[in-house]
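>>> Below is the sequence, then the predicted model.
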Amino acid sequence: MINFSKKKYLLLNNILDKNFENTLEQVFLSSNFPWYYGEGTVKKSTHLHLKKIKNFRIIDYLHFSHTFYKFNFNKNLSEINSDFHYFVLDILKNVCVKLNYDNKIEILRAKVNLQTQHKYINKNIINTPHNDFENPIIPHTVIIYYVNDNDGKTYLFKKNGDLLASVIPKKGNFLIFDGNILHAGSNPLKSKKKLLINIDIRK
């Protein structure tokens with residue numbers, strides 16, 4: 001897949017056309033875009049990772065999502081799940097050009113997430129740390145695209161549970177990392193909403 005630097009992740013910007021960036025935000029915030037309710041950011045938390053994480057309190061909170069591609073484990077392939085899936089193809093085409101990477105990749109899963117503001121008293125609160133594909137484990141690369149500016153950080157963790165990085169979402173930016181890195185999101189504290197696209201790919 002992608003050759004990551006020693007810090008194990010990439011932060012990229014200026015990949016998408018500004019008009020496309022604005023279109024994505026406008027579509028997802030329109031009254032016609034279908035969102036689906038979820039009790040938490042991770043459907044089935046294994047809780048195996050929770051004891052590792054240091055200096056954070058873990059609280060999962062409701063969120064909304066829309067899945068563009070979903071993975072069929074019985075067929076070992078992904079399936080189109082949305083009429084808006086073409087957004088993902090356009091995003092990946094631009095990422096591959098930026099990284100000088102061939103576009104012979106497979107989308108495992110792709111979705112857009114919406115989290116709302118939550119005014120926690122303790123700011124060191126994160127959602128459940130996880131890997132996108134754990135049971136079974138599927139080697140993959142995670143591509144996160146930040147649709148809007150907000151303060152709901154993304155956290156990456158080392159294998160021992162120490163913090164590897166915390167990333168503040170900025171509209172138009174990408175965070176790309178190996179799927180075996182434990183990661184977690186967080187609800188925005190000051191911003192009203194957090195929008196991001198999560199794409200899992202494999203070679």
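Sure, I can see it. Numbers count the residues shown, from 1 in each chain.

>>> can you give me the helices for the chain?
18-28, 86-98 (DSSP state H).

>>> Output the ones you listed as CSV; include the columns mean pLDDT and distance to Ser65.
Any C-beta I mention is one placed from the backbone N, CA and C, and that applies to glycine too. Formatted as CSV, the helices of the chain follow (pLDDT from 0 to 100; distance: least, Cβ to Cβ, whole Å):
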stretch, mean pLDDT, distance to Ser65
helix 18-28, 98, 11
helix 86-98, 95, 14
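
>>> Just send these back as CSV, with distance to Asp132 and mean neighbour count too.
Listed next are the helices of the chain as CSV, based on distance: least, Cβ to Cβ, whole Å; neighbours: other Cβ atoms under 10 Å:
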stretch, distance to Asp132, mean neighbour count
helix 18-28, 20, 15
helix 86-98, 15, 16
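
>>> Quick one, which of those helices gets closest to Thr141.
Closest to Thr141 of the helices of the chain is helix 86-98 (Cβ to Cβ; 10.3 Å).

>>> Enumerate every residue touching Lys194.
113-116, 148, 150, 152, 169, 185, 187-188 (Cβ atoms under 8 Å, 6 or more residues apart in numbering).

>>> how about low-confidence regions in this structure?
For the chain, residues meeting the criterion pLDDT under 70 lie at 1-5, 43-51, 103, 121.

>>> need the strands for it, in chain order.
9-12, 36-38, 57-58, 63-72, 77-80, 106-116, 125-126, 141-146, 154-157, 163-167, 174-178, 182-184, 193-202 (DSSP state E).

>>> that older thread, make a PyMOL selection of the buried ones in the contacts of Lys194.
Buried members of those, defined by 16 or more other Cβ atoms under 10 Å, are picked up in PyMOL with:
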select buried, resi 113+114+115+148+150+152+169+185+187+188
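
>>> and which of the contacts of Lys194 is nearest His63?
Closest to His63, out of all of the contacts of Lys194 and judged by Cβ to Cβ, is Gln115, at 4.8 Å.

>>> Show me what that closest one is bridged to.
Applying DSSP bridges to Gln115 gives these bridge partners: Lys194.

>>> ok, and the closest non-adjacent residue to Lys158?
Leu164 (5.0 Å; Cβ to Cβ, 6 or more residues apart in numbering).

>>> my guess is that neighbour meets Phe157, correct?
Yes. Between Leu164 and Phe157 there is a contact under Cβ atoms under 8 Å: 5.6 Å.

>>> Of those two, which one has the most company?
Phe157 (21 against 16; other Cβ atoms under 10 Å).

>>> How about the contacts made by the closest residue to that one other than its chain neighbours?
Spatial nearest neighbour of Phe157, chain neighbours left out: Leu182 (4.3 Å); criterion: Cβ to Cβ, 6+ apart. Leu182 sits next to 49, 52, 129-131, 156-157, 159, 161 when contact means Cβ under 8 Å, 6+ apart.

>>> Cheers, nothing more for now.
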